[in-house]
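J.: Kindly return the folded structure for what I paste below:
(chains A and B)
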Amino acid sequence: MHSILIIVFLPLLAAIVAGLGNKQLGNFAAKVITTGALFVACALSWPIFLSFLSGNAEASVVPVLKWVQSGTMTFDWALRVDTLTAVMLVVITSVSALVHLYSWGYMEEEPDQPRFFAYLSLFTFAMLMLVTADNLVQMFFGWEGVGLASYLLIGFWFRKPSASAAAIKAFVVNRVGDLGFMLGIFGTYLVFNTVSIPEILQAAPAMAGSTIGFLGHRFDTLTVLCLLLFIGAMGKSAQLGLHTWLPDAMEGPTPVSALIHAATMVTAGVFMVCRLSPMFEAAPTALGFVTVIGASTCFFAATIGCTQWDIKRVIAYSTCSQLGYMFFAAGVGAFGASMFHLFTHAFFKALLFLGAGSVIHAMHHEQDMRYYGGLRKEIPITFWAMTAGTLAITGVGIADVFGFAGFYSKDAILEAAYGSGSQSGSYAFWLGIFAALMTSFYSWRLVFLTFFGKPRWAASEHIQHALHDANGHGHDAHETHGHGSEAENAPAQEDSGHEDHGHAAGHHGPSAHENEGTGGYHPHESPLVMLIPLIVLSIGAVFAGFVFHHAFISEGSGEFWKGSLVFAEHTIHAMHGVPTWVKWAPFTVMAIGLLTAWYGYLKNTRFPAAFAEQIGPIYTFVYRKWMFDELYHYVFVVPALWLGRVFWKVGDVGVIDRFGPNGAAWVVAKGSRYAQKVQSGYLYSYALVMLIGLVAAITWVIK
Amino acid sequence: MGGFPILSLMLLVPLVGAIACLKLEAQAARTVALVATLIDFALGVVLWANFDIGGAQWQFQERHAVFSSFSYALGIDGIALTLIMLSVFLMPVCIGASWTSVTKRVGEYMAAFLLMETLMIGVFAAQDLYLFYIFFEAGLIPMYLIIGVWGGDNRIYASYKFFLYTLLGSVVMLIAMLWMANQAGTTDIPTLMAYDFDPHVQTWLWLAFFASFAVKMPMYPVHTWLPDAHVQAPTAGSIILAGVLLKMGGYGFIRFSLPMFPEASAQFAPLIFALSMLAVVITSLIALVQHDMKKLIAYSSVAHMAIVTLGLFAFNVQGLEGSMLVMLSHGLVSGALFLCVGVIYERLHTREISRYGGLAINMPRYALFFLLFTMGSIGLPGTSGFVGEFLSLGGVYQVSTWVALVGTTGIILGAAYMLYLYRRVVFGEQKNADAAAMPDLTLREYLMMIPLGLAVLWMGVYPESFIAPMRADIAALDARLARARPAYDGKLMIGKGAPVHEAAAEGGHH
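T.: Sure thing, here's the model as predicted:
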């Protein structure tokens, strides 16, 4: 059974063909090749997953090629398939295939399609290499490969300054995490004398209690290693402190956000912690840290999500927050629940992003929810898909009957946090509950602002652009920084692509003033290629939890995981043993969040603005994303550039060159001129010099 | 290969070509130079194919006594082999890069390059101390001329600076060599590599060699000749300077300093670490604020070479092999990056970054290659840059976690300055009409870019081809260094017991 080779390398092949073929190949061929490759990979992945689900498959490793052998440090290219990998395989290939298909419609007017599809397939390859890694270095290869693809896709509209800036930011911030990852690999090699994951995991428990030197001090070995590796995970999975790139990454096309910045790449950190779970399990301090970071991120990102107006940014912060859930689940030892949330989240979050893309598509690239409203009737399929996604993320369901995907995974995580009984566990539980409230609030807020109420489209610059309305009443009071400039920076290809659209709508222009709110604009439902992925993912969002929760997180799940991660029965028992109020808490806060959103955005629409004014500075602080970007700008970016200039102008030019080569030249020039003067030709001056020299020499000898 | 003097032939072919070029008019000189370098490359392939991995340490030896202690002795081990391969691989690219851009004194120009090739191969193949010195120092002359005659506006200052720096260092080295030959009674490099000098004397000898190699490397703070030399040199001059000449410093350390003076090397390792850490951080930050493309890449070279010195003085197999791979990779990648600069310089005649922008629109193929080499420079896994960087930093980690931490910050800063460069040149709108009108790569440029690109990927995916020939040599060096290996701070302790896992610390002698 070497279908894994095809699954992994077919997308690479497709990426190469589409990428190098580019213009000569043409849009259609590039799309068919890449999308076809992904559907093949997907079709081959599900049987692997199902065979693990039915318990018929064993973990296996397919060697590919020797990579590096340096002393005792050896690592090869190889593809490992076990339960954990199988789960990731279906997630990656399914979402990727659907996103490829969706992009047929979404990127329809894009002139540069082969490049886009090549990047998407390249990403998929790198992600598959990551999850099939048998050693830490290959994992790092995939890790950096997805980083490259993410960089290229965020910067896909490279003419836009904000897009290329966001691309660099994503890469560099991730590299900060990679610093930890790399040091973690070095340390792991030093301790275990291998970088092979199975060998490390086997030897890890025996290392408990040992100490290792790090930066001049001695620490618990596994704590140091796990923390270093976790720093890598924090970068990739956008956890608190290293999260700043994720919201900016929304500069990329929306299908990219769905695939990379929601369903797959950002979950790589969670995957890594689960893959190395036996190691983390033996390092309780590190796990505590993971719990606290995860819980804090989950809370912090949710607060920001409640205040943003850009539909993609809301979902981006939501992703950040959901990743926090996954991490603290891992932190309290519920690795199964963590992976389960990763699994369900992939479906509903990809769905929400693709749904948002469909809305953006219909709204002529307007992303500000203040200019949406009342879209329910205009784009009904998108509406229902988004609703399914929202029901899933907010965790609607009734225990033992039926629930949407998020219901099973999120409730399990919260119960596990409570049940762990540890201090960090209860910290995580309370922040998690509060974040669940906010999750429900911002998710329903998004739905209400977008699909309900009266249309507010007329004020949108994008819509006006479409309508050729030069009056410019786009500058209403809400208009805040960012929006205006984004509109100006909109890439040229988008605009030209929508030319016909605009003209068609333009004829309605004069009568627009009577159509209050709509401006005479008519949103269209997306084409079928975009709706099919939405429908398929909706099915996933509705049923994924119900169908698979038994396999992932029940008492017998140890047989499913087969040791590919630490599955402790006692966490399951603890989950089941929590008090009834804990079981009902998620449902309760979900209802409160829903009601609040309903009140604020449907019933009494003046309330949110009034409330924001009431809490003034706090609102601004949260709205400005806790000021992280400003902080980093002044703490890292500005000093780095200043230091660079100082080291250059003062250090290299001012000191080294001045006293080095230029100094030497100066000494030679001056010296020769001086020597000229000394050779005056007068005998007495020579005699004087000789005398002084003689006296000096005698003094030195006698002393 | 029997007794066939292939190394001498490889020295001879470019030399004959050089003499021929002096007499020829432009187009003929170009053709002769290209043919000569291609023949040498073909000979290099033959050399590599016939190199017996796991066989004798020194192969293809030739020895002819000239007078008393001086002999014409050639021979290579795996380390020298890989560097010779790098040289003969880059030379045809250099000729190609000068094909249309050099129009004055073409014959002399090509002759200078061919002479350069002879001298470079000579440096790596010499087995006699004095012979090495001659090749090592004579290499300055053609480079001096290439910068001084065919360089940019400020070429005289740059060539003066280049000459001053590099010459001063090597004077002291010559004195040390004379002393060594006298003491050991031989000038045979393999013999000297096994000769045990008195540790006190080693200190002085080490410093004398260090003066020369540190400048060639170049290490901070004697690096300031490099940015100027690169900026003023013609494209091909930069390629060979970054690609091969900088490697002579690293080769010097691995061939002389480490095996001949192990105790002194251990003694001075903290100095090397300190200078290298400074270089990684400082030159990376300087690279971040450059407006001139060549200066930026030149500063990045200093940072990369610092990773080489870190790895070399880690005293373990990973560090040494990693350093060698960084050198090879940097030779390819920085050569290719200078080529990328040259390609657009030829079209617009400026190195000013802000004069470009949006090249992805009119030069998409160029953008692709530039991206590949940028990623190679950043050390993305799968490209040549990663393996060496990973191994050398991994080697350093075993010696000092602090040094490894500071050295590894290079991966963050490296990504920042290279991507910032890439963004300003390739991304964005086409704000300059002349830059927007530049055509994409020509056939000649493809022929240079494609081999470089493939080599970068090859070394990233299957570096075994390059590690295998040098494995035995590195192991031998590692064994020789064992007695002086410094203690390391990352020791593992189980309970309160003694440190375990000596195997990990020693990097393995298997």
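J.: And for A:Phe611, nearest residue in space, chain neighbours not counted?
T.: A:Gly600 (7.6 Å; Cβ to Cβ, 6 or more residues apart in numbering or on different chains). For glycine as for every other residue, the C-beta is placed from the backbone atoms N, C-alpha and C.
J.: count of neighbours near the one you found?
T.: 21 (other Cβ atoms under 10 Å in any protein chain shown).
J.: quick one: it and A:Arg606 touch, right?
T.: No. Between A:Gly600 and A:Arg606 there is no contact under Cβ atoms under 8 Å: 9.2 Å.
J.: Need the pLDDT of the residue nearest to the spatial centre of chain A.
T.: With distances taken as Cα atoms, centre = their mean, A:Val266 lies nearest the centre of chain A, 3.8 Å away. Note for A:Val266: predicted pLDDT of 94.
J.: what's the residue nearest to it when sequence neighbours are not counted in contact with, if anything?
T.: Counting by Cβ to Cβ, 6+ apart, A:Val266 lies nearest to A:Ser237, which is 5.3 Å off, once chain neighbours are set aside. Taking Cβ atoms under 8 Å, 6 or more residues apart in numbering or on different chains, we find A:Ser237 in contact with A:266-270, A:323, A:326-327.
J.: Can you tell me which of those are buried?
T.: Neighbour-count burial (16 or more other Cβ atoms under 10 Å in any protein chain shown) applied to the contacts of A:Ser237 gives A:266-270, A:323, A:326-327.
J.: Tell me which two of the residues you listed sit farthest apart.
T.: Farthest pair in the buried ones among the contacts of A:Ser237 (Cβ to Cβ) is A:Ala268 and A:Phe327. Separation: 12.2 Å.
J.: domains of chain A?
T.: A:283-454+A:539-603, A:665-702 (the TED database).
J.: got a markdown table for these, with mean pLDDT too?
T.: Shown next, in a markdown table, are these (pLDDT from 0 to 100):
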| stretch | mean pLDDT |
| --- | --- |
| domain A:283-454+A:539-603 | 92 |
| domain A:665-702 | 75 |
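J.: looking at these, which is buried most?
T.: Mean neighbour count (mean count of other Cβ atoms under 10 Å in any protein chain shown) peaks for domain A:283-454+A:539-603 among those, with a mean of 23.
J.: hang on, the earlier thing: mind checking how far the residue nearest to A:Val266 is from chain B?
T.: 18 Å (Cβ to the nearest Cβ, to the nearest Å).
J.: got it, and A:Met73?
T.: 5 Å.
J.: Also A:Ala696?
T.: Taking Cβ to the nearest Cβ, one finds A:Ala696 at 27 Å from chain B.
J.: and that residue, which of the three is it?
T.: helix (DSSP: H, G, I helix; E, B strand; the rest coil).
J.: Unless I misread the structure, A:Pro63 falls within a strand.
T.: Yes. According to three-state DSSP, A:Pro63 belongs to a strand.
J.: mind listing what it touches?
T.: Contacts of A:Pro63 (Cβ under 8 Å, 6+ apart): A:76-78.
J.: want to throw those residues into JSON lines with secondary structure, distance to chain B and neighbour count?
T.: Putting these into JSON lines (DSSP: H, G, I helix; E, B strand; the rest coil; distance: Cβ to the nearest Cβ, whole Å; neighbours: other Cβ atoms under 10 Å in any protein chain shown) gives the following:
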{"residue": "A:Asp76", "secondary structure": "strand", "distance to chain B": "10", "neighbour count": "18"}
{"residue": "A:Trp77", "secondary structure": "strand", "distance to chain B": "8", "neighbour count": "21"}
{"residue": "A:Ala78", "secondary structure": "strand", "distance to chain B": "14", "neighbour count": "18"}
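J.: list the residues that contact both of A:Ala268 and A:Phe327?
T.: A:233, A:237.
J.: what does stretch A:109-117 contact?
T.: A:18-19, A:21-23, A:25-27, A:30-31, A:33-35, A:100, A:103, A:107, A:153, A:156, A:253, A:493-494, A:497-498.
J.: Can you tell me the closest non-neighbouring residue to B:Val222?
T.: B:Val222 sits nearest to B:Val215 (Cβ to Cβ, 6+ apart), 4.9 Å away.
J.: Where does that neighbour sit, in terms of helix or strand?
T.: Following DSSP states H and E, one finds B:Val215 within helix B:199-216.
J.: Per-residue pLDDT of the closest residue to chain B within the stretch 251-400 of chain A, please?
T.: Using Cβ to the nearest Cβ, A:Glu251 is the residue of the stretch 251-400 of chain A that sits closest to chain B, at 12.1 Å. pLDDT, A:Glu251: 92.
J.: A:Lys160 is in contact with that one, correct?
T.: Yes. Taking contacts as Cβ under 8 Å, A:Glu251 lies within contact range of A:Lys160: 7.0 Å.
J.: what about stretch A:104-115, how long is it end to end?
T.: End-to-end span of stretch A:104-115 (Cα to Cα, to the nearest Å): 13 Å.
J.: Give the buried residues for it.
T.: A:104-107, A:110, A:112-115.
J.: Also stretch B:23-41?
T.: By 16+ other Cβ under 10 Å, the buried positions in stretch B:23-41 come out as B:24, B:26, B:29-30, B:32-34, B:36-37, B:39-41.
J.: And that stretch, how far out from the chain middle?
T.: 24 Å (Cα atoms, centre = their mean, to the nearest Å).
J.: now A:Gln308: how far from A:Glu630?
T.: 17 Å (Cβ to Cβ, to the nearest Å).
J.: same question, B:Ala138
T.: In terms of Cβ to Cβ, B:Ala138 sits 57 Å off from A:Glu630.
J.: These two - which one has more neighbours?
T.: Using other Cβ under 10 Å, the more surrounded residue of B:Ala138 and A:Glu630 is B:Ala138, with 15 against 11.
J.: How about the contacts made by the more buried one?
T.: Applying Cβ under 8 Å, 6+ apart, the residues near B:Ala138 are B:Leu119.
J.: what does the stretch 1-150 of chain A put close to chain B?
T.: A:19, A:22, A:65-73, A:77, A:137, A:140-141, A:143-145, A:148 (Cβ under 8 Å from any Cβ of the partner chain).
J.: returning to that earlier point: for B:Val308, find the nearest of the domains of chain A.
T.: Closest approach to B:Val308 among the domains of chain A (Cβ to Cβ): domain A:665-702, 30.1 Å.
J.: Could you tell me how far that closest one lies from the centre of the chain?
T.: 73 Å.
J.: ok, residue 48 - contacts?
T.: In the absence of a named chain, this looks at chain A. Applying Cβ under 8 Å, 6+ apart, the residues contacting A:Ile48 are A:3-4, A:57, A:81, A:86, A:89-90.
J.: that's the other chain; I wanted chain B
T.: Counted by Cβ under 8 Å, 6+ apart, B:Trp48 has contacts B:81, B:85, B:469.
J.: Repeat that for B:Ala455.
T.: Residues near B:Ala455 by Cβ under 8 Å, 6+ apart: B:89, B:332, B:384.
J.: coming back round to it: closest to B:Ala437 out of the domains of chain A?
T.: Among those, domain A:283-454+A:539-603 comes nearest to B:Ala437, with 30.2 Å by Cβ to Cβ.
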